[in-house]
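1. need a 3D model of the following:
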Amino acid sequence: MAEETVIKKKNLLTKEWYEKLIAEKQEILEVKIPENLKTISEAKAMGDLSENFEYKSALEEKDLINSRLKQINELLDNVEIIDNTEKKDAKAKVVEFWSKVKVQLENAAPKTVVIVGTWEVAIKKDEQGEDLIYISFDSPIGKAIHGKKAWTIVKVKNEENSELKILEIE
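-> Alright, predicted model coming up:
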């Protein structure tokens, strides 16, 4: 039987998000795990474990901590850091990782989105207090606008197969 080759998809992250994950991993290893082990030990010392809420709660917390640590390790195991500080030639602008793009979905009001990695998805406020939507390059909108120029109209693969207009790329 032939060996199967599994190709892992790169986890694209900005340097800031990468550093945030490294810091979270350090906190888990140096603070959260030792605190949790201490809590488990103290709860065990209370006696009967069958009705010991503190013990059961500490074990559940241990599972959550270990799960998050595993998730971070898997993400960092196959990471590619994207430089989001490099400035591009304004005339050759196309939507790519970390592009800030003003889009309009059919008859809706224009929205500003930023193309980021899957783990960086969020909604934040910009300097003017407007919503800045961080979307994954893997999302239907992210896939539809990737590599496109301003004033392009694209089809978004969603329930309605909506049309989206790219108004501006920063």
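2. mind checking how far residue 162 is from residue 152?
-> Using Cβ to Cβ, to the nearest Å, we find residue 162 at a distance of 14 Å from residue 152. Every residue, glycine included, has its C-beta placed from N, CA and C.
3. just give me the longest helix of the protein.
-> helix 53-77 (DSSP state H).
4. who touches it?
-> For helix 53-77, contacts defined as Cβ atoms under 8 Å, 6 or more residues apart in numbering pick out 11, 13, 18, 21-22, 24-25, 28-29, 32-33, 36-37, 39-40, 42-44, 46, 49, 119.
5. buried residues, the helix or strand following it. List them.
-> Later in the chain than helix 53-77, the nearest helix or strand by DSSP states H and E is strand 79-82. Residues of strand 79-82 classed as buried by neighbour count (16 or more other Cβ atoms under 10 Å): 79, 82.
6. strands paired with strand 79-82, and their directions?
-> strand 11-14 (parallel) (DSSP bridges).
7. correct me, but residue 112 touches residue 134?
-> No - taking contacts as Cβ atoms under 8 Å, residue 112 lies outside contact range of residue 134: 10.1 Å.
8. list the contacts for residue 33?
-> Applying Cβ under 8 Å, 6+ apart, the residues near residue 33 are 65, 69.
9. one more: the one 10 residues further on?
-> By Cβ under 8 Å, 6+ apart, the residues touching residue 43 are 49, 52, 54-55, 57-58.
10. please indicate which of those are buried?
-> Using 16+ other Cβ under 10 Å as the threshold, 55, 58 are the buried ones among the contacts of residue 43.
11. residue 123 - that's part of a strand, no?
-> Yes - remark: residue 123 belongs to a strand, assigned using DSSP: H, G, I helix; E, B strand; the rest coil.
12. which strand residues bridge it?
-> According to DSSP bridges, beta-bridge pairing links residue 123 with residue 133.
13. ok, now which ones touch it?
-> Per Cβ under 8 Å, 6+ apart, neighbours of residue 123: 131-134.
14. which members of those residues are classed as buried?
-> Neighbour counting by 16+ other Cβ under 10 Å classes 132-134 among these as buried.
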